[in-house]
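Novice: what follows is a protein structure lacking sequence information:
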């Protein structure tokens, strides 16, 4: 930390730099606090006027008089679509990252890495258009097949109408978060110490055993961090979801049927027509999304911290 | 346990670069053989051809023959994975698995290749090998703690316990003390002396006193010039190499006139 001893002369450059970096740190905290405060104040205003229960009402009539709205459907839709996205994207991303870092010949690895990074550069509205015009009609076959075998569970029941559903959204989100998870995971896997991989080889480990003994445990916290980055994007994704989903304020037991909504999608869809209370209501839902994201990140940090001494960072 | 190694006409390459050329020597079972020579003379490369670790390096390939008793390590259909189970290795820098506890580090090799042990069996093997590595008393109360929390010397003894736990025939050591302080070095040397009753040991070292202290036979490697392949100059009993070597270059190297 900067020397505060009066007898030592601090150089001008050091002073300027320390002030600048301190200033940036403080600015960040101020901005975060300002956002949280703004959300909280407007949210309180909205929730006071709400005639329904903010947490459990299946309805969004914030512009009506009296206003009645609740986030139950949005919370459900946001969590479910993101969970589907993570369940599909994380294993595939880890697989691609392993292939690039440990199996593919160098030239192929570079090409695949480039293509994956390119996926990240596609704007989300393009994903949305592609999702609505291509993915939705092409889901019908898969969903009918799922319905045939698992329809009895109700969760995977499907009647063949256009699948502008949470499942389709989840699949689309999985494709959208794949690049960020893959590229972070790949970098972490590439950092596995060579000495440890050689130690495993010298014990008579096969290539897969080397990966299981050294690469995966070493990269564990990196995979979690990468997934959190992806989850953050999935939770907050707006345009693609708004384009694909056919929103409704119902919780359909089937994930394959059209309907549902997410926080970000609902805000985007309703903001233009919303009046005073309507806007505050949307901001209140935004606050819930903000808190949800904080909780998810906190949980991830806890998981990483719990195994810190085995992290390999102190090897 | 403990097998004889017989190498004949061995040449190793990195891509098109010839690292070592036409090496022929044998290593007696239950003895310590030291490889000495200036940096870049290929002694580590040669060591890594003895458990087929050389070919792990991209472009690494080998010509010639390595016999372990009557098994040709480079014969057709020989699986390098099983070669490495038979010929264990300890590396220059201690490299315990950072994500594993001390216990799991020792047991790591035992959990490979689909073999499963009972917990009590594993406990016995772990204790036996930690005792053999002169480490048991220092770690017995913290077997569940990460291996990376140990000192450098303790980590290296942990790595030796990890290597011996799979009961190899041969133990290769690639400058095992070069990252350690003198006291830890002595501990490892004592350990080598103890282990040679059970294993065939080959040790690469830059420390000539160490070669003289621990080995029964010494092989001297040298290279004609930078970029030239390393060659075996002579191999003989350690006493003879250090008192009356038959090649002038060996004497020059040992007496510190070059290298």
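Specialist: Nice, thanks for sending it over. What you see is a predicted model, and the numbers here were worked out from it, not measured in a lab.
Novice: next one, pLDDT for whichever residue of the stretch 51-200 of chain A sits closest to chain B please.
Specialist: Using CB to the nearest CB, the single residue of the stretch 51-200 of chain A nearest to chain B is residue A:195, 3.9 Å away. Heads up, the C-betas are built off the backbone N, CA and C, glycines and all. pLDDT for residue A:195: 92.
Novice: which residue packs closest to it, ignoring adjacent ones?
Specialist: Distances taken as CB to CB, 6 or more residues apart in numbering or on different chains place residue B:95 nearest to residue A:195, at 3.9 Å, with adjacent residues excluded.
Novice: list the contacts for the residue nearest the centre of chain A?
Specialist: For chain A, the residue nearest the mean C-alpha position is residue A:231 (1.7 Å; CA atoms, centre = their mean). Shown in contact with residue A:231 (CB atoms under 8 Å, 6 or more residues apart in numbering or on different chains): A:82, A:85, A:86, A:177, A:296.
Novice: in a helix, residue A:186, correct?
Specialist: Yes. According to DSSP: H, G, I helix; E, B strand; the rest coil, residue A:186 belongs to a helix.
Novice: point out where the stretch 51-200 of chain A drops to low pLDDT.
Specialist: Residue ranges of the stretch 51-200 of chain A with pLDDT under 70: none are present.
Novice: write out the residues of it neighbouring chain B.
Specialist: By CB under 8 Å from any CB of the partner chain, the part of the stretch 51-200 of chain A that sits against chain B consists of A:193, A:195, A:196, A:198, A:199, A:200.
Novice: from these, which ones fall inside strands?
Specialist: Among those, no member is found in strands (DSSP state E).
Novice: mark which of these are buried, thanks.
Specialist: Buried by 16 or more other CB atoms under 10 Å in any protein chain shown: A:193, A:196, A:198, A:199, A:200, out of those.
Novice: quick one, strands of chain B?
Specialist: Using DSSP E, strands in chain B cover B:5-14, B:17-27, B:32-36, B:60-68, B:71-72, B:87-90, B:170-174, B:200-204, B:217-223, B:230-237.
Novice: could you check the angle the longest one makes with strand B:5-14?
Specialist: The one in question is strand B:17-27. 170 degrees (axes from the mean of the first three to the mean of the last three CA atoms, to 10 degrees).
Novice: ok, and what's touching strand B:17-27?
Specialist: The contact list for strand B:17-27 (CB under 8 Å, 6+ apart) reads B:4-13, B:33, B:42, B:45-46, B:49, B:64, B:170, B:200, B:202, B:217, B:219, B:221, B:227, B:229-232, B:235.
Novice: how about that strand: buried residues?
Specialist: Buried-residue list, strand B:17-27, by 16+ other CB under 10 Å: B:18, B:19, B:20, B:21, B:23, B:25, B:27.
Novice: repeat for stretch A:248-260
Specialist: For stretch A:248-260, by 16+ other CB under 10 Å, it's A:248, A:249, A:251, A:252, A:254, A:255, A:256, A:257, A:258, A:259, A:260.
Novice: equivalent analysis for stretch A:49-58, please.
Specialist: So, applying 16+ other CB under 10 Å, buried residues of stretch A:49-58: A:49, A:50, A:52, A:54, A:57, A:58.
Novice: centre of the chain to that stretch, how far?
Specialist: 26 Å (CA atoms, centre = their mean, to the nearest Å).
Novice: ditto for stretch B:2-12
Specialist: Between the centre of stretch B:2-12 and the centre of its chain there are 14 Å (CA atoms, centre = their mean).
Novice: any part of it near chain A?
Specialist: No. Stretch B:2-12 does not reach chain A (CB under 8 Å from any CB); its nearest approach is 15.8 Å.
Novice: show the average pLDDT along that stretch.
Specialist: 91.
Novice: also stretch A:234-248?
Specialist: Here stretch A:234-248 scores 92 as its mean pLDDT.
Novice: which of the residues in it are buried?
Specialist: Those would be A:234-248, for stretch A:234-248 by 16+ other CB under 10 Å.
Novice: mind putting the strands of chain B into a markdown table with distance to residue A:104?
Specialist: As requested, those are arranged in a markdown table below (distance: least, CB to CB, whole Å):
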| stretch | distance to residue A:104 |
| --- | --- |
| strand B:5-14 | 22 |
| strand B:17-27 | 25 |
| strand B:32-36 | 36 |
| strand B:60-68 | 19 |
| strand B:71-72 | 32 |
| strand B:87-90 | 27 |
| strand B:170-174 | 29 |
| strand B:200-204 | 33 |
| strand B:217-223 | 35 |
| strand B:230-237 | 33 |
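Novice: check contacts around the residue nearest to residue A:195.
Specialist: Applying CB under 8 Å, 6+ apart, the residues near residue B:95 are A:193, A:195, A:196, A:198, A:199, B:159.
Novice: residue in the stretch 151-259 of chain B nearest to chain A?
Specialist: For the stretch 151-259 of chain B, CB to the nearest CB, closest residue to chain A: residue B:166, 6.2 Å.
Novice: nearest residue to that residue in space, please, no chain neighbours.
Specialist: Counting by CB to CB, 6+ apart, residue B:109 is the residue found nearest to residue B:166 once chain neighbours are left out, at 4.0 Å.
Novice: now residue A:100
Specialist: Computed as CB to CB, 6+ apart, the closest residue to residue A:100 that is not its neighbour in sequence is residue A:109, at 4.6 Å.
Novice: I'd assumed the one you found was in a helix, is it?
Specialist: Yes. Applying three-state DSSP, one finds residue A:109 inside a helix.
Novice: number of residues surrounding it?
Specialist: 17 (other CB atoms under 10 Å in any protein chain shown).
Novice: spell out, range by range, the helices that occur in chain B.
Specialist: Remark: helices assigned in chain B by DSSP state H are B:43-49, B:80-86, B:102-107, B:119-132, B:136-139, B:152-165, B:182-195, B:208-214, B:238-243, B:248-254.
Novice: Serialize those helices to JSON lines and add fields for mean pLDDT and mean neighbour count.
Specialist: Shown next, in JSON lines, are the helices of chain B (pLDDT from 0 to 100; neighbours: other CB atoms under 10 Å in any protein chain shown):
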{"stretch": "helix B:43-49", "mean pLDDT": "94", "mean neighbour count": "24"}
{"stretch": "helix B:80-86", "mean pLDDT": "92", "mean neighbour count": "18"}
{"stretch": "helix B:102-107", "mean pLDDT": "94", "mean neighbour count": "25"}
{"stretch": "helix B:119-132", "mean pLDDT": "92", "mean neighbour count": "16"}
{"stretch": "helix B:136-139", "mean pLDDT": "93", "mean neighbour count": "16"}
{"stretch": "helix B:152-165", "mean pLDDT": "93", "mean neighbour count": "25"}
{"stretch": "helix B:182-195", "mean pLDDT": "90", "mean neighbour count": "17"}
{"stretch": "helix B:208-214", "mean pLDDT": "92", "mean neighbour count": "19"}
{"stretch": "helix B:238-243", "mean pLDDT": "92", "mean neighbour count": "17"}
{"stretch": "helix B:248-254", "mean pLDDT": "90", "mean neighbour count": "17"}
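Novice: tell me which of the ones you listed lies nearest to residue A:32.
Specialist: Residue A:32 lies closest to helix B:102-107 among the helices of chain B, at 41.0 Å (CB to CB).
Novice: who touches the closest one?
Specialist: Taking contacts as CB under 8 Å, 6+ apart, the residues outside helix B:102-107 that touch it are B:96-97, B:122, B:125-126, B:129-130, B:139, B:142-147, B:150, B:158-159, B:161-162, B:165.
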